[in-house]
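>>> Make a model of this:
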Amino acid sequence: MKHIYILSTLILFASCGKNGVNGVNGTNGRDIPSTLTSDHIYVAIDFQDINPGLACANGGLSIFSFRDSNDDGSFEEGESILKVKAICNGLNGSNGANGTNGIDGTNGTNGIDGVNGTNGANGTNGTNGTNGVDGVNGSSSSITLESVTASALCPAGGVKISSNSGTSVEVCNGVNGLNGEQGIPGVQGLPGLNGVDGKDGVDGHDGANGTNGINGVDGANGQDGVNGHDGVNGTNGTNGTNGTNGTNGTNGTNGTNGTIVTPVRFCSNSHATAGEYGILIGSDLYAITSGEHHGSYLVKLSSTDYASNTAGNCINLLHDIHGNGEDN
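Model (predicted):
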């Protein structure tokens, strides 16, 4: 892990016309406090191998810088990554030509054939078994059936079965069962039909009209009838028209673009004292070197301090790098 500290405010000047006179060197910066303040940000760099895949066909090295909030040099959850750079390994070289085949070795001597084993003796044949005795011929049989009258053995009679072997057996008929119990009386029959009505007698004479009776007292009022059912509800009224949409709020102003930070690699054959990796902030290149008080720190390079090495995909440092102070 290479641990660096970068001033959060980088002031970049642009000028037109001829170059002005170099300004006086600034005074050394004060020690960076151990806690994060609004004047500084802590940035750390870490590395991780890349397995062969889509990003790097032959694997490589991933370099990423991150905002080290607690200044402990370790990337932790909640700390934001600022920039990631992949340095891929070169592709494997083509296979060399196949070497010439070696000389075939001499054939080994054939082994001696083993001695054939002796054949085993044939076993003796078994003795044939004796024939079995013939069985006795079966005799023919016949059965006769005859009715049997009532007797002490068969009170209701039956059937006698006889065979020509002299064996006979009687099969008796079953005895009549006992009479059943008295049945339940039958249901009462339906009533007979009514006889025919006799003829009406002759009407008698009308009697004399009687006198009218006195009017009766008015009866009490009857109870009120039950209330009728409620009528059907009327249909709902038509919905009112929608109100006019409010006007859109004013768009917020765009945020300021952040400074792009890109890790770079210095060539391994450089004789300079800077570390293996540097960092590009915007268009300015910084080398990572060591100090006594805070370990690694950044030194801004001028165009005369380095040269690009396209063949090695790295940057050559042309001389040793030292800052104006060890805590820049």
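
>>> all contacts plus neighbour counts: C-alpha atoms, from now on.
Fine.

>>> Just the strands from the stretch 101-250 of the chain, written as ranges.
For the stretch 101-250 of the chain, the strands defined by DSSP state E, counting those that start in this stretch cover 143-148, 158-163, 168-172.

>>> For those strands, could you give me TSV that also reports distance to residue 181 and mean pLDDT?
Listed next are the strands of the stretch 101-250 of the chain as TSV, based on distance: least, Cα to Cα, whole Å; pLDDT from 0 to 100:
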stretch	distance to residue 181	mean pLDDT
strand 143-148	32	81
strand 158-163	29	79
strand 168-172	27	80
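
>>> Output the ones you listed as CSV; include the columns mean neighbour count and distance to residue 109.
Formatted as CSV, the strands of the stretch 101-250 of the chain follow (neighbours: other Cα atoms under 10 Å; distance: least, Cα to Cα, whole Å):
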stretch, mean neighbour count, distance to residue 109
strand 143-148, 12, 96
strand 158-163, 15, 96
strand 168-172, 15, 99
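
>>> want to throw those into a markdown table with distance to residue 107?
Shown next, in a markdown table, are the strands of the stretch 101-250 of the chain (distance: least, Cα to Cα, whole Å):
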| stretch | distance to residue 107 |
| --- | --- |
| strand 143-148 | 98 |
| strand 158-163 | 98 |
| strand 168-172 | 101 |
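
>>> burial of residue 155, as a residue count?
Residues lying near residue 155 (other Cα atoms under 10 Å) number 14.

>>> any idea how far residue 54 is from it?
Residue 155 is 113 Å from residue 54, where distance means Cα to Cα, to the nearest Å.

>>> picking up where we left off before, minimum distance to residue 134: which of the strands of the stretch 101-250 of the chain has it?
strand 158-163 (27.3 Å; Cα to Cα).

>>> Name the surrounding residues that touch that closest one.
141-150, 168-173 (Cα atoms under 8 Å, 6 or more residues apart in numbering).

>>> which one of the residues you listed sits closest to residue 241?
When these are compared against residue 241 (criterion: Cα to Cα), the nearest one is residue 173, at 105.5 Å.

>>> Might one say that that closest one is in contact with residue 150?
No - the pair residue 173 and residue 150 fails to qualify as a contact (Cα atoms under 8 Å) at a distance of 9.3 Å.

>>> which residues do these two both contact?
156, 157, 158.

>>> wait, which of those residues is closest to residue 48?
residue 158 (114.2 Å).

>>> How much space separates that closest one from residue 167?
17 Å.

>>> From the shared contacts of residue 173 and residue 150, pick the one nearest residue 224.
Of the shared contacts of residue 173 and residue 150, the one sitting nearest to residue 224 (Cα to Cα) turns out to be residue 156, at 90.2 Å.

>>> My understanding was that the closest one contacts residue 177; is that so?
No - using Cα under 8 Å, residue 156 makes no contact with residue 177, being 11.8 Å away.

>>> farthest-separated two in the contacts of strand 158-163?
The distance between the two most remote of the contacts of strand 158-163 (Cα to Cα) is 28.8 Å, for 141 and 150.

>>> if you count what's nearby, which of these two comes out ahead?
Legend: neighbour count by other Cα under 10 Å for residue 141 and residue 150, higher for residue 150 (13 against 8).

>>> ok, now which ones touch that one?
Each residue near residue 150 by Cα under 8 Å, 6+ apart is listed here: 156, 157, 158.

>>> Now render these as JSON lines, adding distance to residue 208.
Putting the contacts of residue 150 into JSON lines (distance: Cα to Cα, whole Å) gives the following:
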{"residue": "156", "distance to residue 208": "94"}
{"residue": "157", "distance to residue 208": "97"}
{"residue": "158", "distance to residue 208": "99"}
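
>>> now, which of these sits nearest residue 121?
residue 158 (78.5 Å).

>>> With adjacent residues omitted, what lies nearest to the closest one?
Leaving aside its sequence neighbours, residue 158 sits nearest to residue 172 (Cα to Cα, 6 or more residues apart in numbering; 4.1 Å).

>>> how long is stretch 264-277 end to end?
End to end - Cα to Cα - stretch 264-277 spans 6 Å.

>>> quick one: average pLDDT of that stretch?
Average pLDDT, stretch 264-277: 67.

>>> Over to stretch 223-232?
80.

>>> What is the burial count for residue 267?
18.
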